[in-house]
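Asks: Fold the stuff below for me.
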Amino acid sequence: MPTNLLRFILALMLLPWLWTAAGAQAVSFPEFRNAVPGHTDLTYLDLARMVIPDLAADSNGFYRGGLPIDMRHIEGPDSGGSPPETSGLSNAGVLAVKAGGKDRLVMLYDLGDSPDSAEGYAVLALYDVTGKPKLLDAVNVAVDRSTYFRDPGKLSVDANDDVLTTMSTHFNSSQGYVITPLIMVRDDKFELVDMIYTFDENLCAYRRTQDVAFQTIADGQPYAAIKVTVTDATVPNGESCDDQSPEAQSHAISVTYHWDKKTSDYVKDSDALDKLAGENAKRF
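Replies: Purely as a prediction, here's the structure:
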């Protein structure tokens, strides 16, 4: 078999692994004591202390501290609860991003339960580490109990800018609730694009899932369009249950966010995801 053909076949075989590896490298969870790349005298703990000033390791290597610095909620002043009086965490999600053509570092700290809200409290922090380290912005992005970066973590909307994807979730015995914020960085400040609400059920007769996928599409605007597709799938499991098993089905709900120069913001082309959220709410 010709060498070039062998290489082509090998490349096809490796593509899924390479894609997974690349995705896995986007968000990292380094030890707080590790040095930030390119800075022998700067650790991730130093960055974390810009958010939680007294954060320190205990005897078990877990990190504890008091209240974080004051910050707004990503949805606005009427959203979110208070931070816990004591913070405890073992690490944070770390993501390198582009913002306005500049290299920035983003860290996501899930601080646990809020004392006065059903939501948790999670800090999304933006840093400039290209020179003297500086905290540029910090917001509470918790919209449910547990908060993480959502794969892929970031979407490139032009050569100089990324949009972030986080997620907040909680589960009970048969239901899973997920809220996915899309977040821009402009002028070194976080801005909310939109919230995407999805809902999974795992019942006796069937499982219903709503998976989210993202795609950026160049459309001649300063920032690429963002297409969000929720695949709503119902799969019967063949069990004998009191409820009648539904038929297997799957359909996609898509909304595309286009950049509007007049409003200087992303605008969605339909309310399909809002309708889905309303339909899901009736199933809670």
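
Asks: what number of residues lie near the closest residue to residue 174 other than its chain neighbours?
Replies: Counting by Cβ to Cβ, 6 or more residues apart in numbering, residue 174 lies nearest to residue 202, which is 5.3 Å off, once chain neighbours are set aside. All C-beta atoms are positioned from the backbone trio N, CA, C, and that covers glycine. Applying the criterion other Cβ atoms under 10 Å, we find 14 residues in the vicinity of residue 202.

Asks: Would you mind measuring from residue 202 to residue 179?
Replies: Residue 202 sits at a distance of 19 Å from residue 179 (criterion: Cβ to Cβ, to the nearest Å).

Asks: Next: residue 128.
Replies: Separation of residue 128 from residue 179 (Cβ to Cβ) stands at 29 Å.

Asks: quick one: which of those two has more around it?
Replies: Each of residue 128 and residue 179 had its neighbours counted (other Cβ under 10 Å), and the higher figure belongs to residue 179 (22 against 16).

Asks: quick one: contacts for the residue nearest the centre of the chain?
Replies: Per Cα atoms, centre = their mean, the C-alpha nearest to the average position across the chain is that of residue 166, at 1.4 Å. Going by Cβ atoms under 8 Å, 6 or more residues apart in numbering, residue 166 touches 108, 122, 124, 141, 147-150, 180-181, 183.

Asks: Secondary structure element for it, which one?
Replies: strand 161-171 (DSSP states H and E).

Asks: again with residue 276
Replies: Secondary-structure assignment from DSSP H and E places residue 276 in helix 272-281.

Asks: Give the rounded mean pLDDT of that helix.
Replies: Helix 272-281 carries an average pLDDT of 96.

Asks: Contacts only, for residue 96.
Replies: Residue 96 sits next to 103-106 when contact means Cβ under 8 Å, 6+ apart.

Asks: top of those by neighbour count?
Replies: Neighbour counts for the contacts of residue 96 (other Cβ under 10 Å) peak at residue 106, which has 27 neighbours.

Asks: Could you point out the bridge partners of that one in the sheet?
Replies: In this structure, residue 106 has the following beta-bridge partners (DSSP bridges): residue 95, residue 126.

Asks: so it sits right up against residue 123, yeah?
Replies: No - here residue 106 does not reach residue 123: they are 10.7 Å apart, not a contact under Cβ atoms under 8 Å.

Asks: and of the contacts of residue 96, the nearest to residue 41?
Replies: Residue 41 lies nearest to residue 105 out of the contacts of residue 96, by Cβ to Cβ, at 15.8 Å.

Asks: can you tell me how far the closest one sits from residue 111?
Replies: Remark: distance between residue 105 and residue 111 (Cβ to Cβ) = 19 Å.

Asks: mind listing what residue 279 touches?
Replies: Going by Cβ under 8 Å, 6+ apart, residue 279 touches no other residue.
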